[in-house]
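S.K.: I'd like to go over a predicted model; first the sequence, then the structure.
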Amino acid sequence: MKQRCEEYLSFIGTLPRELEVVNSGDASTIEKPQSELFKHDCSSSGKCSEYSNTESSDDAVQQEVGQLSDKDEFHFYDTRQSFSDITASPDMKMRYLNYGSGAHKIGELHDIDKTNEYLFSSKRRSELPVPVEKEKGVSLWSMIKDNVGKDLTRVCLPVYFNEPLSSLQKCFEELEYSYLLDRAYEYGSRGNGLMRTLYVAAFAVSGYASTDARPCKPFNPLLGETYEADYPEKGIRFFSEKVSHHPMVMACHCEGKGWKFWGDSNLKSKFWGQSIQLDPSGVLTLEFDDGETFQWSKVTTTINNLIIGRLYCHHHGTMNINGNRQYSCKLIFKEQSFLDRNPRQVQGFVKDANGTKVASLMGKWDESMSYIINDDTSRVNSRTANQSAGGTLLWEKNEPPANPIRYNLSSFAITLNELPPGLKEKLPPTDSRLRPDQRHLENGEYEKANSEKLRLETRQRMARKMQESGWKPRWFQRDTEDGTFRYVGGE
Ligand SMILES: CC(C)CCC[C@@H](C)[C@H]1CC[C@H]2[C@@H]3CC=C4C[C@@H](O)CC[C@]4(C)[C@H]3CC[C@]12C
């Protein structure tokens, strides 16, 4: 029986062959080996069958949603819910978060009007709503074990494994420390290219800080779903859209004081049984208003202890931050070894146009980053073996919220899905904040969240066909030269 419940889980591949089920009709009979994995005793929850047994052929879906026709292709989602006509129709009007100051495009960022200030600057929330229902503990194993040997991208996980943020919102989360880019801009415009490069490097690392101790999965946006954020207190605006479902690609664009930052996220995943390896394949570009640019790609992320133990992720590999002027930077995210007493380390250096190392960088992606200008590198090295003791601080992770928050969100992350009065009317209907399943989860209404999630996922099965029949992103366009998505805006 083919698993048809198409929850995307695009980062999960197929289970290893040796774990395949002998008789596909009986998921409890497992060939070999009798590993720890299978001895693990987890009570299966009733919820599981509700999801894993959802079967329907594409034909059935087709019947349910209606026949595909050229005219219809943008209107597959029914209109019962505010979020259901999710794919952006070509004539949909974009309403920027401009609160009555007249339509301004994302380039005109910094005129904070009064409404905006009222809605955001001083009054962003510092807590999630109190959950309506009690949380249920469901083990991931109970979900996976009935699907051994099947394509896990087609396994549908119930909402208990999600955090109330979409992947689009998570992209914005990587801009929590955008002030580092403001600083980089200022240094550069005062002629200090080295300090600019160091701050850019610190920024590139700081994006990982929020991934620590966050064991839940973000919501998979629907094709054409968007997330737009206006944070005048940070001086930034952000816009993102899910531009492809197969493969899953999200395009992002952000503008701040003196800089623009864009890129698309496209993850390649390998499933290793107890862990998943994610290899991001997009390029991130940072462009300062004076023409200096830096480009880099993200390093590999491994999610460990999928089945037994505490789930955590770890980032490793080399990040080359290539500048178009004087300086470039190389950062190494250390591999984790079993007995490592000092994990999560990042080390690197900045080199000038001649290839001379002019500064060193050291720190941890979940803590802080520091630098040493080359003149004093040798002195510090000979003085102490512990490099992280030396150096001048560039970046430090913010304190977590005073009261521990569900899902372990940072104070910044807590604000991302907030829907204050008046905002709803200003958002396009495709915004992640309007996803009913995500909203229900945030409110702790798990039953409702689950049924809405299932409903939207059923709709989403059409995404491949929509893409094949010419669906195009609304706000981004693929660059014909380098294949990256660029924000084109519009109304
Ligand atoms: C099977 C389920 C329950 C496991 C939960 C998996 C969680 C830990 C996974 C799912 C998606 C993952 C994220 C996907 C993409 C990225 C971008 C990458 O550049 C940094 C890591 C980061 C941000 C991942 C962190 C870990 C993550 C949040």
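M.R.: That came in fine, so what should we check first?
S.K.: Only C-alpha atoms from now on, for both contacts and neighbour counts.
M.R.: Fine.
S.K.: Quick one: name the residues of the stretch 151-300 of the chain near the ligand.
M.R.: Residues of the stretch 151-300 of the chain found near the ligand, taking Cα under 6 Å from any ligand atom as the criterion, are 161, 211, 214-217, 298.
S.K.: which ones are touching Met250?
M.R.: 168, 240-244, 264-266 (Cα atoms under 8 Å, 6 or more residues apart in numbering).
S.K.: need the residues you listed in CSV with secondary structure, can you?
M.R.: Compiled in CSV, the contacts of Met250 are given as follows (DSSP: H, G, I helix; E, B strand; the rest coil):
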residue, secondary structure
Leu168, helix
Ser240, strand
Glu241, strand
Lys242, strand
Val243, strand
Ser244, strand
Asp264, strand
Ser265, strand
Asn266, coil
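S.K.: Cross the residues of the stretch 151-300 of the chain next to the ligand against helices and list the overlap.
M.R.: Secondary structure of those is defined by DSSP state H; no position falls in helices.
S.K.: Neighbour-wise, give me the winner out of those residues.
M.R.: Going through these with other Cα atoms under 10 Å as the criterion, the one with the most neighbours is Lys298, at 23 neighbours.
S.K.: And Gly363, its phi and psi?
M.R.: Backbone geometry at Gly363, expressed as degrees, to the nearest 10, gives phi 160, psi -160.
S.K.: That one: what's it in contact with?
M.R.: Applying Cα under 8 Å, 6+ apart, the residues near Gly363 are 345-347, 369-370, 388.
S.K.: State the pair within those that is farthest apart.
M.R.: Greatest spatial distance among the contacts of Gly363 (Cα to Cα): Gln345 and Ser370, at 11.7 Å.
S.K.: any residues in contact with both of these two?
M.R.: Taking Cα under 8 Å, 6+ apart as the contact rule, the neighbours common to Gln345 and Ser370 are 362-363.
S.K.: Might one say that Gly256 is in contact with Asp182?
M.R.: Yes: with the criterion set as Cα atoms under 8 Å, Gly256 and Asp182 qualify as a contacting pair; they are 7.2 Å apart.
S.K.: ok so His316 is a strand residue?
M.R.: Yes: under three-state DSSP, His316 sits within a strand.
S.K.: okay but it is in contact with Ser337, surely?
M.R.: No: when contacts are counted by Cα under 8 Å, His316 is not listed as touching Ser337 (11.1 Å).
S.K.: And the two? Which one has more around it.
M.R.: More crowded of His316 and Ser337, by other Cα under 10 Å: His316, with 18 against 9.
S.K.: Return the nearest residue of the stretch 1-150 of the chain with respect to the ligand.
M.R.: In the stretch 1-150 of the chain, the residue found nearest to the ligand is Leu140; the distance is 6.4 Å by Cα to the nearest ligand atom.
S.K.: Would you confirm that that residue contacts Ile307?
M.R.: Yes: under the criterion of Cα under 8 Å, Leu140 lies in contact with Ile307, with a separation of 6.7 Å.
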